[in-house]
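Colleague: Return a 3D structure for these sequence lines:
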Amino acid sequence: MYGRLRWDEPSQTITSGFGSMGQGRFVHPLVRRTLTPHEAARLQFLPDFIDFSAVKFRTHLATMIGNAAPPILTISVVEALIDQGLI
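Modeller: All right, here's what the predicted structure looks like:
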């Protein structure tokens, strides 16, 4: 599935393949390039203060970002569990 992200539509799910045009719709909306790790992390709702400088290889960074559960999802799940009285 090839394609460009759009400013006015939701993003495709971010995977560890966001650095490759051939692995999804991960092309920047305006510029002819794939997303940077920082842009992909933002789409995962990871805060800007997270420091990825210890990660030496872009492939490892892509795996970390692609496998991350967005914090906003975690909050929603925990709130639902609280509402159900399960925690």
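Colleague: got the CA coordinates for the helix or strand that contains A62 in PDB?
Modeller: When elements are assigned from DSSP states H and E, A62 belongs to helix 58-67. Taking C-alpha atoms only, helix 58-67 is exported to PDB below (Å, rounded to 0.1, in the frame of the first residue of the first chain):
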ATOM      1  CA  ARG A  58      17.500   3.800  12.800                       C
ATOM      2  CA  THR A  59      16.100   0.300  12.400                       C
ATOM      3  CA  HIS A  60      16.000  -0.200  16.200                       C
ATOM      4  CA  LEU A  61      14.400   3.300  16.600                       C
ATOM      5  CA  ALA A  62      11.800   2.400  14.000                       C
ATOM      6  CA  THR A  63      11.000  -0.800  15.800                       C
ATOM      7  CA  MET A  64      10.600   1.000  19.100                       C
ATOM      8  CA  ILE A  65       8.300   3.700  17.700                       C
ATOM      9  CA  GLY A  66       6.400   1.200  15.500                       C
ATOM     10  CA  ASN A  67       5.800  -1.200  18.400                       C
END
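Colleague: Beyond it, next helix or strand please.
Modeller: helix 71-83.
Colleague: Tell me the pLDDT of the most centrally placed residue in the chain.
Modeller: Residue closest to the mean C-alpha point of the chain, counted by Cα atoms, centre = their mean, is Q44 at 3.3 Å. Listed pLDDT for Q44 reads 90.
Colleague: ok, now how distant is it from T74?
Modeller: Taking Cβ to Cβ, to the nearest Å as the measure, Q44 falls 11 Å from T74. To be clear about C-beta, it is placed using only N, CA and C from the backbone, and glycine gets the same treatment.
Colleague: do the same with S16
Modeller: The value you get for S16 to T74, if Cβ to Cβ is used, is 19 Å.
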